[in-house]
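Undergrad: Quick one: sequence and predicted model below, then my questions.
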Amino acid sequence: MVIKTIDASLVQKCFLAGANAMDAKKEMINDLNVFPVPDGDTGTNMTMTIMSAAREVSALDGTDMKKLCKAISSGSLRGARGNSGVILSQLLRGFTKEISKVEEVDVEILSKAFERAVESAYKAVMKPKEGTILTVARAGSDKALELSGRTDNLLEFMNKILMHMRDVLDQTPEMLPVLKQAGVVDSGGEGLLTMIEGAYDALLGKEVSTEISSLSSGSAAPGGARADVVAETEIHFGYCTEFIIMLEKNFGKKEEKEVKDYLTSIGDSLVCVADDDIVKIHVHTNDPGLAIQKGLSYGSLTSMKIDNMREEHNERVIKGTQNRDGDAAGEGTAENRPEETERKENGFISVSVGDGLCRIFGDLGVDFVIEGGQTMNPSTEDILDAIGRVNADHIFVLPNNSNIILAAEQAKDLTEDKEIFVIPTKNIPQGIAAMISFSDALSPEENAETMAESAGAVRSGQVTYAVRDTVIDGREIKSGDIMGLSDKTIEVVGESAVSVTLNLIRKMLDDDSELVTIYYGEEGSEEDAVRISQAIQEESDAEVEIQYGGQPIYYYFVSVE
């Protein structure tokens with residue numbers, strides 16, 4: 001069989017088939033993860049990213065290449081979760097930028113699209129590492145360039161590219177020793193190949209699924225609800241109004257300013273983000289219809305959402321009152337801090353989970369807590385939404401997880417009317433240290449530098465359980481083992497959370513250590529934290545503090561300063 005060109009309809013079918021192929025195999029991709037922690041896994045993050053785009057593609061009314069590419073690019077960009085999801089979104093963004101220029105795709109266009117996809121993905125990663133999804137993607141681009149001009153049959157072209165990418169994926173354990181120890185190939189590379197192989201099956205005419213369910217694994221919210229910072233204060237604009245304009249008219253700097261000026265005149269908390277042929281709008285207003293009419297003057301609308309903030313506010317006030325009337329559990333939490341109704345200079349967003357930790361961040365001045373981080377990484381759009389809700393000129397974002405930093409950076413790049421500083425905090429103790437170091441006497445740039453330095457100076461650890469059998473640094477780990485993790489690796493493995501935590505802290509301590517902080521979670525206990533504290537105080541001169549975190553999955557977070 002020979003296929004020399006594919007139109008938008010077939011590209012759409014191939015993309016949806018690839019998305020469903022990844023969804024079907026996400027657990028297999030998850031199982032390739034080297035670290036056996038119950039965290040946001042590669043297969044889950046890549047699936048949720050591509051499903052965000054697939055739902056937009058499925059909702060298209062009619063198909064032409066430009067609209068299709070816009071749906072794929074914008075959907076994956078906003079839905080990107082985890083490092084692997086962000087890289088996938090950049091691959092899709094670069095790929096669609098190239099094919100959006102034509103009505104039909106041939107070998108030459110496809111070769112250029114592969115090349116542009118890889119360029120976009122490498123630019124998104126500050127320190128690209130070989131033996132990963134980037135290596136596998138580049139292998140496909142290199143092979144496409146080699147084959148361009150040798151054949152005009154897309155089936156032959158793609159078959160040889162896939163065979164080469166699979167060969168390179170099989171070599172990733174030789175590029176990354178940690179993969180070789182665990183006896184697995186790179187999970188991100190496997191996810192990328194799974195998607196492309198699913199698309200290739202559709203190109204071959206095989207029976208594939210292109211139905212995208214609204215209940216697909218890509219539609220789950222990150223880690224539950226987000227904790228907005230509101231309290232008993234007057235709300236001047238009652239409706240949180242969000243929508244996306246699918247542009248049908250020119251939208252340059254002049255038009256963007258005009259829209260911003262108009263929406264500011266009827267509301268506040270404005271976010272207006274233009275990305276290629278779409279514009280994302282978020283505004284608080286008393287007349288959502290006026291905002292929607294303004295959007296309609298530039299094109300059709302999608303992803304519309306209107307929330308009655310006064311109604312939500314009253315529910316939170318009732319909840320806060322109940323907490324105070326009961327055991328005062330609601331006092332000081334992020335949910336019960338005063339809402340900022342006027343523009344301020346500095347604002348703060350933190351990713352966290354657990355009522356105790358959310359309360360701590362609220363007490364430290366965080367305006368908005370995005371609940372997530374451990375088992376569910378928030379998406380770029382979740383972070384964009386939080387940025388829209390914080391009415392400040394300069395906003396500091398604390399990802400508190402190494403797998404969320406890229407999504408935060410992507411949200412920063414999509415924000416134009418506020419200055420965003422992403423502090424590269426990799427865990428909760430680093431985020432707390434960063435917030436403590438903030439000073440009103442410093443400029444935003446100086447604060448960003450100081451906060452990053454403070455976060456990096458904290459030695460931090462986490463105690464959780466293994467979700468799969470693996471081998472890391474020569475240590476055999478079984479599913480269910482309790483693990484003590486430092487910033488860099490697994491330090492301790494045992495059967496008891498108390499003994500593992502104690503031994504982890506011992507490894508973190510040195511002669512200069514002055515303060516140890518223990519945050520106990522849902523599966524930990526204050527009593528056991530006290531036992532750990534007493535043992536440490538008997539063995540060292542360091543002071544020990546115990547805080548309630550309430551985090552799931554992790555028995556204890558610990559920091560040493």
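TA: Thanks, I have it.

Undergrad: distance of S111 from D393?
TA: From S111 over to D393 the distance is 45 Å, taken as Cβ to Cβ, to the nearest Å. All C-beta atoms are positioned from the backbone trio N, CA, C, and that covers glycine.

Undergrad: With neighbour numbers in mind, choose between those two.
TA: The neighbour comparison of S111 against D393 (other Cβ atoms under 10 Å) goes to S111, with 21 against 13.

Undergrad: ok, now which ones touch that one?
TA: Shown in contact with S111 (Cβ atoms under 8 Å, 6 or more residues apart in numbering): A144, L145, L147, S148.

Undergrad: and it, that's in a helix?
TA: Yes - judged by DSSP: H, G, I helix; E, B strand; the rest coil, S111 forms part of a helix.

Undergrad: of the contacts of S111, buried ones?
TA: Neighbour counting with 16 or more other Cβ atoms under 10 Å marks A144, L147, S148 as buried within these.

Undergrad: Present those as CSV; the columns should include secondary structure.
TA: Putting these into CSV (three-state DSSP) gives the following:
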residue, secondary structure
A144, helix
L147, helix
S148, strand
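
Undergrad: Which of these scores worst on pLDDT?
TA: The lowest pLDDT within those belongs to S148, with 90.

Undergrad: these two touch, right, it and V107?
TA: Yes - applying Cβ atoms under 8 Å as the test, S148 and V107 come out as touching, 6.1 Å apart.

Undergrad: hang on, the earlier thing: distance to Q171 added to the contacts of S111, as JSON lines?
TA: Conversion of the contacts of S111 to JSON lines gives the following (distance: Cβ to Cβ, whole Å):
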{"residue": "A144", "distance to Q171": "18"}
{"residue": "L145", "distance to Q171": "19"}
{"residue": "L147", "distance to Q171": "20"}
{"residue": "S148", "distance to Q171": "23"}
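
Undergrad: For the stretch 401-550 of the chain, which segments count as strands?
TA: For the stretch 401-550 of the chain, applying DSSP state E, counting those that start in this stretch gives strands covering 419-422, 459-465, 470-472, 475-477, 482-485, 490-494, 515-520, 543-548.

Undergrad: And those: which comes nearest R359?
TA: With Cβ to Cβ as the criterion, R359 lies closest to strand 543-548 of those, at 8.4 Å.

Undergrad: Per-residue pLDDT of E119, please?
TA: At E119, pLDDT is 95.

Undergrad: Now do the same contact list for it.
TA: Contacts of E119 (Cβ under 8 Å, 6+ apart): G94.

Undergrad: any idea which element it lies in?
TA: helix 107-124 (DSSP states H and E).

Undergrad: Now tell me which helix or strand of the protein has the poorest mean pLDDT.
TA: Least confident helix or strand, the chain: helix 309-325 with a mean of 47, by mean pLDDT, DSSP states H and E.

Undergrad: what distance separates stretch 385-392 from the middle of the whole chain?
TA: On the basis of Cα atoms, centre = their mean, to the nearest Å, stretch 385-392 sits 17 Å off its chain's mean C-alpha point.

Undergrad: Any stretches of the stretch 251-400 of the chain with poor pLDDT?
TA: 269, 271, 273, 275-276, 309-341, 373-375 (pLDDT under 70).

Undergrad: cool, and the stretch 101-250 of the chain?
TA: In the stretch 101-250 of the chain (pLDDT under 70), the answer is 213-236.

Undergrad: Can you show me the helices along it?
TA: 107-124, 133-147, 154-175, 177-182, 187-203 (DSSP state H, counting those that start in this stretch).

Undergrad: Just list what the second one packs against, helices and strands only.
TA: If I follow you right, that is helix 133-147. helix 82-99, helix 107-124, helix 154-175, helix 187-203 (3 or more Cβ pairs under 8 Å, 6 or more residues apart in numbering; DSSP states H and E).

Undergrad: Out of those, flag the one nearest R138.
TA: Between the helices and strands packed on helix 133-147, helix 107-124 lies closest to R138; by Cβ to Cβ that is 5.1 Å.

Undergrad: buried sites along the closest one?
TA: Buried residues in helix 107-124, counted by 16+ other Cβ under 10 Å: 107, 109-118, 120-122, 124.

Undergrad: Same check on stretch 7-20?
TA: Per 16+ other Cβ under 10 Å, stretch 7-20 contains these buried residues: A8, L10, V11, Q12, K13, C14, F15, L16, A17, G18, A19, N20.

Undergrad: contacting residues for the second one?
TA: Yep, that's L10 we're talking about. For L10, the contacting residues are A202, L203, by Cβ under 8 Å, 6+ apart.

Undergrad: 10 Å - rerun?
TA: I3, T63, E104, V105, L154, A199, A202, L203 (Cβ atoms under 10 Å, 6 or more residues apart in numbering).
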